[in-house]
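[1] give me the fold of what follows.
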Amino acid sequence: MFEAQASAKFCSHQCSARSKAAQKAERACQECGSKFLPAYGDKRRNFCSEFCANRHFKRVTKGVARAKSYGAQSEAINPIAVMERDGWTCHICGEDAPRELRGTMRWNAPELDHIIPLSAGGSHTYDNVACAHRSCNLDKGDALPPGWAEPQRVWVHRGSGGIA
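    Residues are numbered from 1 along each chain as shown. Okay, here's the model as predicted:
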């Protein structure tokens, strides 16, 4: 029989250990962020469902396929990780790019931008991508950063001293 004490939450150390193990095993889905418990023994599972897993891998592999079509160096890039790295801030204008607008057609929706465009020989790597508003990315087009050969198509990166 379990006699409760004022501070007791579990009937035994075994119950306490089971509860702690379940809490440790709970994790956030890499795609949607919801908390889930992976199936017993499945330590590699990072997604709450097959839908989230497929959605994540489609997003990551889409850029690699595009880079290959240009013959550019590429690596699998998670756009959400890039947006997090950049603090959900447009690297062109410096304004906030709201996370909740990701995937929409709004002018200030965050999207992945290649600093040196793939069409100009840029790579699809973490060093060459940044968060940008949809409208800023469209305005920039295939323009090159300062110091490149085509002065009429040059834009000024926020990290290089301002906005042109």
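[2] next structured bit after the helix or strand of the chain with the lowest mean pLDDT?
    Scoring the helices and strands of the chain by mean pLDDT, DSSP states H and E places helix 13-25 at the bottom, with a mean of 66. Where DSSP states H and E defines the elements, the next helix or strand beyond helix 13-25 is strand 27-28.
[3] what is that next one packed up against?
    strand 35-36 (3 or more C-beta pairs under 8 Å, 6 or more residues apart in numbering; DSSP states H and E). Bear in mind the C-beta positions are built from the backbone N, C-alpha and C, glycine included.
[4] can you name the next helix or strand after whichever helix in the chain runs longest?
    Across the chain, the helix with the greatest residue count (assigned by DSSP state H) is helix 50-70. With elements assigned by DSSP H and E, the helix or strand that comes after helix 50-70 is helix 79-85.
[5] so what's the spatially most central residue of the chain up against?
    In the chain, the centroid-proximal residue (C-alpha atoms, centre = their mean) is Ile80; its distance is 1.1 Å. Neighbouring residues of Ile80 by C-beta atoms under 8 Å, 6 or more residues apart in numbering: Arg102.
[6] distance of it from Arg66?
    18 Å (C-beta to C-beta, to the nearest Å).
[7] ditto for Ala81
    Counting by C-beta to C-beta - Ala81 and Arg66 are separated by 18 Å.
[8] swap in Phe51?
    Phe51 is 23 Å from Arg66, by C-beta to C-beta.
[9] ok, the two, which is more surrounded?
    Arg66 (14 against 11; other C-beta atoms under 10 Å).
[10] Ser74: neighbouring residues, count only.
    19.
[11] equivalent analysis for Lys9, please.
    Neighbour tally, Lys9, other C-beta under 10 Å: 9.
[12] element containing it, please.
    Per DSSP H and E, there is no helix or strand for Lys9.
[13] same deal with Asp113?
    Assigned by DSSP H and E, Asp113 falls in strand 110-114.
[14] how far off helix 50-70 does the helix or strand that that strand is followed by point, in degrees?
    Next helix or strand after strand 110-114 toward the C-terminus (DSSP H and E): strand 129-133. Here strand 129-133 points in a direction 110 degrees away from that of helix 50-70 (axes from the mean of the first three to the mean of the last three C-alpha atoms, to 10 degrees).
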